[in-house]
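In: Predicted structure and sequence below. I'll ask about it afterward.
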Amino acid sequence: MFALVDCNNFYVSCERVFDPSLNGRPVVVLSNNDGCFIARSNEAKALGLPMGGPAFKFRETLKKHRVKVFSANFTLYGDISSRVMETLANLAPEIEIYSIDEAFLDMTGFGRFGFSEYGATIRKTVTKHTGIQVCIGMGPTKTLAKAANRLAKKKPRYNGVCLLANEQEIQAALASLKVEDIWGIGRQWSALLQARGINTALDFSRASSTWIRQHLHITGARILEELNGRSCIPLEQVRPPKQSICTSRSFGRSVVEFEELQQAVATFAGKCATKLRKEGSVASTLTVFICTSPFNEPSLKYWGTRTVALRQPSQDTIEIIRAANQVLTAIFKAGFEYKKAGVIVAGIASTTVSASPLSLFPDEAAELTNERQQKFMLVMDKINRQYGNGTIHTGAENSERWKPQQANLSPHYTTKWGEIIEVRGPHQYSS
DNA sequence: TCTGGGGTCCTAGGACCC
DNA sequence: TCTGGGGTCCTAGGACCC
């Protein structure tokens, strides 16, 4: 038996924990650059504000209904998330952290407490420890637990916990689930399925496995099995090492100058190097991409990207920035208004298993430099850990000019002393 | 005027090996 | 006119997830 625990309207809930006056009011959280809706309270959903909808198109509604709008505060959400996960890990020994607001739990052996009863206990405990509300779905496979979770969220009669334990419950649940709402079925595939008369999850579960295998490949075949109660997507308790690391941003405004793009790309490359060191990994390839707005007319559109091999697998900020700069120089075209850029490092290997190949012609001077570079990076990371990110950085990195817009950022309530005090104010302590 | 960021898995096809 | 069988590795592109 699997359980899927999913936080309700997670980013909005995080904001509400620190400002309960927002309860009952419509609240939305925007993506970087205050672009799209990425979280909505139930009240905001009821106003018809769609997930992913661009905020500027709904200015009227936001104003008219006095919707509280937040810029994304990922530092806060990440910290609250880790508290939720910690609570869950104490309630069930086997847990897979699936996303910032979701976790799968292995419920094997918990039947003796009653699955639904234990689900209710989990719900209560998480709210008590963190202030975050969750819904829980349970079923014999991860895909069915996902479906159950959807029901738990949608239908009040479940009280936030939906258990699919027997054949009848499962069939009824699948009949009420639209095919596009199955976990793993996106837009393209649901169109394909609907064209074939497969409209519900129940239809899907009874579809021809040959046809599914042919058109939806192995991924679809697994879903079919899982809907029929045969588990084939296992719980992944340890996160496998990342295969690629990406740092990309849309710019707060158009960027035209090469030098400015250069600073942005250097900053992303530096961030990738920091992430690599945090993972204990080295990368062997590097990709840089730059692009104009996808909403431009075709003649004003440009998408430039190139991948190169690094001279040797690396996690060195300076090395990676240098390589990224070379790629940028090669793909940059003057005369375009750039809106976004990014750096991706891949071909990742762990530093701990000494997977990086040795040089056939070792260069002692270079080795010495490498060693010094590594020590330098250690010092840099240590300073930034202790005094805050960005305390020390290379001259090439600069995030001032292209910085994303964040007009309505809430304080970093749980991660910066200064911002906690700023909000609460010393006078409140007396009461 | 203004439209996010960070990932994974799978397949097909090309280039290569013996 | 006729031209094997069994592989690996890599990349691009397309699908999906939150």
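Out: Received the coordinates, thanks.
In: list the contacts for the closest residue in space to residue A:23 that isn't next to it in sequence?
Out: Closest residue in space to residue A:23, ignoring its immediate chain neighbours: residue A:16 at 5.9 Å, by CB to CB, 6 or more residues apart in numbering. From N, CA and C alone the C-beta is placed, and that goes for glycine too. Shown in contact with residue A:16 (CB atoms under 8 Å, 6 or more residues apart in numbering): A:22, A:23, A:27, A:41, A:131.
In: Run the chain-centre distance for the helix or strand where residue A:16 lies.
Out: Element membership of residue A:16, judged by DSSP states H and E, is helix A:10-17. How far helix A:10-17 lies from its chain's middle: 16 Å, per CA atoms, centre = their mean, to the nearest Å.
In: try stretch A:139-151
Out: The answer for stretch A:139-151 is 21 Å, by CA atoms, centre = their mean.
In: ok, it near DNA strand B or not?
Out: No: Stretch A:139-151 does not reach DNA strand B (CB under 7 Å from any atom of the strand); its nearest approach is 13.5 Å.
In: Could you list the buried residues of that stretch?
Out: A:139-151 (16 or more other CB atoms under 10 Å).
In: now stretch A:299-319
Out: In stretch A:299-319, counting by 16+ other CB under 10 Å, buried: A:302, A:304, A:310, A:313, A:314, A:315, A:316, A:317, A:318, A:319.
In: ok now the host helix or strand of residue A:378, how far from the chain's centre?
Out: Using DSSP H and E, residue A:378 sits in helix A:364-387. From the chain centre to the centre of helix A:364-387 is a distance of 30 Å (CA atoms, centre = their mean).
In: For the residue of the stretch 51-200 of chain A found nearest DNA strand C, give me its contacts.
Out: Across the stretch 51-200 of chain A, no residue is closer to DNA strand C than residue A:186, which sits at 2.3 Å (CB to the nearest atom of the strand). Residue A:186 makes contact with residue A:180 under the criterion CB under 8 Å, 6+ apart.
In: I'd assumed residue A:5 was in a strand, is it?
Out: Yes: assignment of residue A:5 by DSSP: H, G, I helix; E, B strand; the rest coil places it within a strand.
In: Show me the beta-bridge partners of it.
Out: residue A:103, residue A:136 (DSSP bridges).
In: Could you tell me how many residues sit around it?
Out: Neighbourhood size, residue A:5 [other CB atoms under 10 Å]: 30.
In: wait, it sits on residue A:118?
Out: No: if you go by CB atoms under 8 Å, residue A:5 and residue A:118 don't touch, sitting 11.6 Å apart.
In: Is stretch A:26-42 positioned near DNA strand C?
Out: No: shown here: stretch A:26-42 not in contact with DNA strand C (CB under 7 Å from any atom of the strand), separated by at least 9.1 Å.
In: burial count for residue A:223?
Out: Close neighbours of residue A:223, defined as other CB under 10 Å, add up to 24.
In: same question for the helix or strand that residue A:342 is a member of, mean pLDDT?
Out: Counting by DSSP H and E, the element that carries residue A:342 is strand A:338-346. Averaged across strand A:338-346, the pLDDT comes to 91.
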